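Novice: Predicted model and sequence follow; I will ask about them next.
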Amino acid sequence: MKATTKLLTTAGMGALVFGMAAAAQAAEWKYAHEEYEDDVQDVFAVAFKEYIEENSDHTVTIYRFGELGESDDIMEQTQNGILQFVNQSPGFTGSLIPEAQIFFIPYLLPTDEETVLEFFDESKAINEMFPELYAEQGLELLKMYPEGEMVITTDEPVSSPEDFEDKKIRTMTNPLLSETYRAFGATPTPLPWGEVYGGLQTGVIDGQENPIFWIESGGLYEVSPHLTFTGHGWFTTAMMANQEFYDGLSDEDKELVQEAAEAAYDHTIEHITGLAEEALAKIEEECGDDCTVTRLDEDQIEAFRERAPQVEEEFLEMTGDGGKELLEQFKADLEAVQQD
Ligand code: 6CS
C-alpha cells in the first residue's frame, strides 16, 4: 500500500471513530410534567427542550399530564431513573420533602407579582437551601418558579371562614395544605389532579384552589363557578433531574442543563406576566352571569390571615429545626425584596 493511501485510510478511520463517539454521546432524555400542552409547566418544558436541542446533539421527549400517570407516578419514575427530568409541584412533593410545604403557610408570600418574581430570583432559601433538601431525595433541583396567585373556586360565593363551614375543599396531597383549609374553616379533601373536575361535577368536593390560568385552561369554572381572590398564596412548582443521572453527566452537559433551565425560567416568567388577567377575561367572557368573582377587601382578608399562625406552628412541628431555619431564611429573603 502506498504511504499516501495508508495515511488517508488512517485519517478516514479516525473520522469514523470520532463520528461514532459523537453519535454515542447524543442522548435521548425524558422529561415529564403535571400539565397540558401550552400550560405553564409545558411552556417551561418546551423552552428547556429547545435550548438543549439547539445547543447539543441530545434530544428531549416531553410527557404531559396523564401520559405516564399522576404527579406522584412521574416523581417515582424520576427517582427510579426511568425519567431524567421531572416537574413536580411542592403541593405533591410536600409529602416527600416536608419542608416544601412552606409554600402552604397562608399569607407568607405577598400578592404583588413583581416582588414575588424578585423573591424567586434572589432568595437564598429557594436557590441554596431547597437544592440541599431535594438532594437528600436523590433529586437535583434545577429551578423553582411561581405559576400564578392561588384563587379559590366554589359552588357558592364565599367571603369569610364562616362561609367555608361544611365545604369540602380539594387540596393537593400534602398534610400542611389540609391544615390551611381546616384553619380557614373548611373540610379539606386531598385528591390527585385527575379526580378534581369529576369531583366538582359530582359534588364529591365543593371547591378547590388553583391559579387562574389553570382554572381557565382546565375549564374548572364550568363546574365550580364562584371565584374568590383571598390573596393567601402562590402556586409554586419545581423542575429537577434524577441526581445520579445529573452527577454522571460531563461538565459540559451539566452546564448545558443549567443554562437550559435558566433560559426556560426566563421564558416562563415572561409568559406568566399578565397571564392571570388574560385568563380571567376569558373566563368572564365564557361564563357570563353564571360565574362570580369576589376580591376580598382588607377586613375580609384579615379574618383569614389571623388564622395563619396556627398553620405556621404546624409547619414547624412537621419539619423541626430544619424547617425553622428554612422559614427564618425565607422570611429574611422576603424582607430583603420588600425593602427594595
Ligand atoms: O391542582 C393541581 O393538582 C394542578 N394544578 C396546577 C396549576 N398544575 C398541576 C397540578 O397538578
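Specialist: Received the coordinates, thanks. Just so it is clear, the model here is predicted, and its values are computed rather than measured.
Novice: So, low pLDDT: which residues of this protein?
Specialist: In the predicted model of the chain, residues 1-24 satisfy pLDDT under 70.
Novice: Up against the ligand, what does it have?
Specialist: By Cβ under 6 Å from any ligand atom, the residues of the chain that approach the ligand are 34-35, 71, 89, 147, 172, 193, 210-211, 214, 235. For every residue, glycine as well, the C-beta is placed using N, CA and C.
Novice: Now with 5 Å, please.
Specialist: Residues of the chain lying close to the ligand (Cβ under 5 Å from any ligand atom) are 34, 193, 210, 214.
Novice: number of nearby residues for the first one?
Specialist: Residues within reach of E34, counting by other Cβ atoms under 10 Å, total 23.
Novice: Please apply the same query to the one 4 residues further on.
Specialist: Neighbouring residues of D38 were enumerated by other Cβ under 10 Å; the total is 12.
Novice: which residues does the residue nearest to it when sequence neighbours are not counted contact?
Specialist: Leaving aside its sequence neighbours, D38 sits nearest to S217 (Cβ to Cβ, 6 or more residues apart in numbering; 7.7 Å). Contact analysis of S217 by Cβ atoms under 8 Å, 6 or more residues apart in numbering lists 36, 38-39, 279.
Novice: Next, the contact list for the residue nearest to L327 when sequence neighbours are not counted, please.
Specialist: Of all residues not flanking L327 in the chain, I102 sits nearest, at 6.4 Å (Cβ to Cβ, 6+ apart). Listed by Cβ under 8 Å, 6+ apart, the contact set of I102 reads 90, 108, 125, 315, 323, 326-327, 330.
Novice: Please flag which of those residues sit within helices.
Specialist: Secondary structure from DSSP state H places 90, 315, 323, 326-327, 330 of those in helices.
Novice: possible to save those as a markdown table with distance to L249?
Specialist: Rendered in a markdown table, the data for the ones in helices among the contacts of I102 read as follows (distance: Cβ to Cβ, whole Å):
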| residue | distance to L249 |
| --- | --- |
| P90 | 25 |
| F315 | 35 |
| G323 | 31 |
| L326 | 28 |
| L327 | 33 |
| F330 | 30 |
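Novice: For the ligand, state which of these is nearest.
Specialist: Closest to the ligand out of the ones in helices among the contacts of I102 is P90 (10.7 Å), distances taken as Cβ to the nearest ligand atom.
Novice: so what's the closest one up against?
Specialist: 97, 100-104, 174, 236-238.
Novice: Roughly how far does the nearest residue to it once chain neighbours are set aside sit from the ligand?
Specialist: Among residues not flanking P90 along the chain, A100 sits closest, at 3.8 Å (Cβ to Cβ, 6+ apart). In this view, A100 and the ligand are 14 Å apart by Cβ to the nearest ligand atom, to the nearest Å.
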